[in-house]
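Enquirer: based on what follows, work out the 3D shape:
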Amino acid sequence: MRYIIIGAGAVGGAIGGRLHQAGHDVVLVARGQHAAALRERGLRLRTPDEDLTLRVPVATGPDDVELRPDDVLLLCVKTQDTVAALDAWAPAAAHLPLLCVQNGVANEEMALRRFSRVYGVCVWLPAQYLEPGVVSAGGAPLTGMLHIGRYPQDGETDDTARAIAADLESARFLAPVVPDVLRWKYAKLLSNLANAVQAVCGTDEPEAKELLRRVRAEGEAVLAAAGIPFASDEEQAEQRGDRVDIREVPGAERGGGSTWQSLRRGTGSVEVDYLNGEIVLLGRHHGVPAPVNEALRHATNVLAREGRPPGSTSAADLLAALPS
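Expert: Residues are numbered from 1 along each chain as shown. Below is the predicted model of the structure:
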């Protein structure tokens, strides 16, 4: 199989780099300065134990790739960019397997409108985009944990998922194939609700810790009302074990999560509408208010639109504006 990594940023670059290092065929799809740096200097993948330069083929879109029957598409863009990416690739590639290697739970349904063979992937992979052509991945001894499952879920697994998982495991990932991938993705969604707190105001102050408590409690209440199951923290930790520990990457500043990184880079958009906003949406469907998630969704989007850096808002001010 050949892996086409659509969105070779932090997560996509780490996965594509590791697959290439393990001897698998890979194409990295990127844009702008990142694509130019990848072509000129290769992908620099920095990990706790290695500083690699990998000469991986690079494309800027489907017109740059002559598709093969054994191609597998890994969609690694942020959710706000999903529709544009799917619309670009579907005309030529809708018959190929497509894996949504993304946070949130909305991407798979978007993909299924355009692709017939869709798989969800629950991403637990601490990675950062450092600069054009350079990404870091702090997981060790394995780089990350990637649960893979068919979408829609039908209680079954298949040979395609197992073959992809085998390739990922040869490339230093833990890659369980599961019949209930959304149960894992909803668990990750709950943990991702904290991304907005970290991005908007940081997580060290007492008021921020109260935001973290309340945003999680709202998420759990909404999922319970919707009848949506999710893997427990204990189940996730047991499966991960000591195989994916977060360690320091020499020479790389430890930053925040994906939302924090988007604000730090000034990208102008964040995926909060599909994280905290997903809880708000489900709450509206099921009659469960989610004011903390809504306030964080709004505040994070304001920072992104205005180009303000992470930590620009006071946790105390956010709390003061919320209903008691």
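
Enquirer: longest helix anywhere in this structure?
Expert: Criterion DSSP state H: the longest helix present in the chain is helix 206-226.

Enquirer: could you give the mean pLDDT of that one?
Expert: Average pLDDT, helix 206-226: 96.

Enquirer: mind listing what's buried in the next helix or strand after it?
Expert: Per DSSP states H and E, the first helix or strand lying C-terminal to helix 206-226 is helix 233-240. Buried residues in helix 233-240, counting neighbours by 16 or more other CB atoms under 10 Å, are found at 236, 239-240. Using the backbone N, CA and C atoms, a C-beta is placed for each residue, glycine as well.

Enquirer: kindly reformat the residues you listed as TSV containing distance to residue 194 and pLDDT.
Expert: As requested, these are exported to TSV (distance: CB to CB, whole Å; pLDDT from 0 to 100):
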residue	distance to residue 194	pLDDT
236	14	91
239	20	90
240	17	89
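
Enquirer: which among those residues gets closest to residue 21?
Expert: Within the buried residues of helix 233-240, proximity to residue 21 (CB to CB) peaks at residue 240, which comes in at 21.7 Å.

Enquirer: what residues does that closest one make contact with?
Expert: Residue 240 makes contacts with 124, 145, 174, as judged by CB atoms under 8 Å, 6 or more residues apart in numbering.

Enquirer: can you rerun that using 10 Å?
Expert: With contacts defined as CB atoms under 10 Å, 6 or more residues apart in numbering, residue 240 is in contact with 124, 139, 142, 144-145, 174.

Enquirer: if we can go back for a sec, which one of the buried residues of helix 233-240 sits closest to residue 158?
Expert: residue 239 (20.8 Å).

Enquirer: show me what contacts that closest one?
Expert: 124, 145, 147, 174, 176, 178, 184, 231.

Enquirer: once you drop chain neighbours, what's closest to residue 120?
Expert: Counting by CB to CB, 6 or more residues apart in numbering, residue 120 lies nearest to residue 181, which is 4.2 Å off, once chain neighbours are set aside.

Enquirer: what count of nearby residues applies to that neighbour?
Expert: Other residues within reach of residue 181, judged by other CB atoms under 10 Å, total 25.

Enquirer: which parts of the stretch 151-300 of the chain are strands?
Expert: 173-174, 244-246 (DSSP state E, counting those that start in this stretch).

Enquirer: which other residues reach the last one?
Expert: Right, the one you point to is strand 244-246. So strand 244-246 is contacted by 48, 124-126, 137-145, 172-174, 254 (CB under 10 Å, 6+ apart).

Enquirer: quick check: residue 271 touching residue 81?
Expert: Yes: Residue 271 lies in contact with residue 81 (CB atoms under 10 Å); the separation is 8.7 Å.

Enquirer: filter the contacts of strand 244-246 down to the buried ones and hand me the ChimeraX line.
Expert: Command for ChimeraX that selects the buried part of these, burial taken from 16+ other CB under 10 Å:
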select :48,124,125,126,137,138,139,140,142,143,144,145,172,173,174
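
Enquirer: mind listing the helices for the stretch 1-150 of the chain?
Expert: Applying DSSP state H, counting those that start in this stretch to the stretch 1-150 of the chain gives helices spanning 10-21, 32-41, 82-93, 107-112.

Enquirer: residue 157: which of those helices is closest?
Expert: Short answer: helix 107-112, nearest of those by CB to CB, at 15.7 Å.

Enquirer: from the contact counts, what lies against the closest one?
Expert: On a contact count with 3 or more CB pairs under 10 Å, 6 or more residues apart in numbering; DSSP states H and E, helix 107-112 meets strand 71-75, helix 82-93, strand 98-101, strand 118-124, strand 144-151, helix 181-192.

Enquirer: can you lay out the ones you listed as CSV showing distance to residue 3 and mean pLDDT?
Expert: Output for these, formatted as CSV (distance: least, CB to CB, whole Å; pLDDT from 0 to 100):
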stretch, distance to residue 3, mean pLDDT
strand 71-75, 5, 98
helix 82-93, 13, 98
strand 98-101, 9, 98
strand 118-124, 12, 98
strand 144-151, 13, 98
helix 181-192, 19, 97
